[in-house]
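Q: this one's structure only:
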């Protein structure tokens, strides 16, 4: 069955009056839409190349999807407020069930890499890479729809918030808070951290999902801090600051994160966006059978931060580009669409 995309603007306008009638319409839409999206992912999980579908971690994820599909399909038609509230509890539970999908998938990919051995060329794993892009993009959409519906039940929403969407979000504020988070992790891991300077109009706001922006800026700043820190740690020079510039155009809001951390060779740039590669030591080794459910964000994850950040940017019509000057530093450009009327890109 066909999936139905939703735009940020639609979610915002629809959710701005969360009457019982609107919540009912929203629940009826999700009751029909979520099983369609979940079914597509479940089928893909069963038909992956290189016997990836047989890996224990992937089977676990597939079972979560099948359980959620069953829960949704066995839920009766939603006719009144009581059904709607029961349905909301079910989708809340589904969202929690899927909390650890990303680390579990990462573990599955690792199990695959182990079984393929060092001889594999990651260019050959293109199919898997495309599958993961579709899979994670779809997951962002499902979690956004569920989260948005659940949040509309909040009796005292924060000012200017419609569910997950902040109608007057200050990108500068979000960038500041995300970079402080990244900096404190850097301090914890290295004992020191470069400064971060932020430039832009502090009064500028636009509608967006702060949690998404926080995640993207956090990832970019964390990478920059790590590059600068490792470049300057053993030298007695003062580490140059990481610069964040927020520009508000008519169509796009662009956030640029610049560092002087030595850059990335051009041959390494394509690897930044793959899920099968991380320069860091893998924090997710097989010992962590509980799937690393610790909430400690590490400085260098399982190499998923950048490709997943790009999906978050694209989800609402933006993009992420990374330009590097080897021997000097890296600039990351995060483009966010200002119009909010681009449809979800449904894989």
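A: Alright, I've got the coordinates. Not measured: the values here are computed from a predicted model. Residues are numbered from 1 along each chain as shown.

Q: Now do the SS call for residue 253.
A: Here residue 253 is recorded as strand under DSSP: H, G, I helix; E, B strand; the rest coil.

Q: my guess is it contacts residue 206, does it?
A: Yes - using Cβ atoms under 8 Å, residue 253 is in contact with residue 206, at 6.0 Å. Every residue, glycine included, has its C-beta placed from N, CA and C.

Q: Looking at these two, which has the bigger crowd around it?
A: Neighbours per residue (other Cβ atoms under 10 Å) separate residue 253 from residue 206, with residue 253 holding more: 22 against 17.

Q: And for that one, nearest residue in space, chain neighbours not counted?
A: Distances taken as Cβ to Cβ, 6 or more residues apart in numbering put residue 336 closest to residue 253, at 4.6 Å, once the chain neighbours are dropped.

Q: what is the mean pLDDT for the helix or strand harbouring that neighbour?
A: Residue 336 is part of strand 329-337 when elements are defined by DSSP states H and E. In this model, strand 329-337 has a mean pLDDT of 97.

Q: Got the domain ranges for this structure?
A: 8-161, 165-337 (automatic domain parsing).

Q: could those go into a markdown table alongside distance to residue 1?
A: Shown next, in a markdown table, are these (distance: least, Cβ to Cβ, whole Å):
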| stretch | distance to residue 1 |
| --- | --- |
| domain 8-161 | 5 |
| domain 165-337 | 21 |
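
Q: helix or strand right after the worst-scoring helix or strand of the chain on mean pLDDT?
A: One helix or strand of the chain scores below all others by mean pLDDT, DSSP states H and E: helix 269-272, with a mean of 85. Under the assignment DSSP H and E, the closest C-terminal helix or strand after helix 269-272 is helix 305-315.

Q: where does residue 324 land in three-state SS?
A: Going by three-state DSSP: residue 324 is strand.

Q: quick revisit: can you name every helix or strand that the least confident helix or strand of the chain contacts?
A: strand 319-325 (3 or more Cβ pairs under 8 Å, 6 or more residues apart in numbering; DSSP states H and E).

Q: how many degrees apart are the strand it packs on and strand 329-337 in direction?
A: Counting by axes from the mean of the first three to the mean of the last three Cα atoms, to 10 degrees, strand 319-325 points 160 degrees away from the direction of strand 329-337.

Q: still on that earlier bit, overlap of the contact sets of residue 253 and residue 206?
A: Common neighbours of residue 253 and residue 206, counting by Cβ atoms under 8 Å, 6 or more residues apart in numbering, are 171, 336, 338.

Q: The last one reaches residue 205, doesn't it?
A: No - counting by Cβ under 8 Å, residue 338 stays clear of residue 205, with 10.9 Å between them.

Q: Do me a favour and get the end-to-end distance for stretch 256-267?
A: Stretch 256-267 has an end-to-end distance of 22 Å (criterion: Cα to Cα, to the nearest Å).

Q: Touching that stretch from outside, list them.
A: By Cβ under 8 Å, 6+ apart, stretch 256-267 touches 194, 217, 220-221, 224-231, 240, 242-245, 247, 272, 322, 324-334.

Q: List the backbone torsions phi and psi for the residue nearest to residue 208 when sequence neighbours are not counted.
A: Sequence neighbours aside, residue 169 is the residue nearest to residue 208 in space, at 4.9 Å (criterion: Cβ to Cβ, 6+ apart). With angles defined as degrees, to the nearest 10, residue 169 sits at phi -80, psi 130.

Q: Break down the stretch 1-150 of the chain into its strands, ranges please.
A: With strands called from DSSP state E, counting those that start in this stretch, the stretch 1-150 of the chain shows none.
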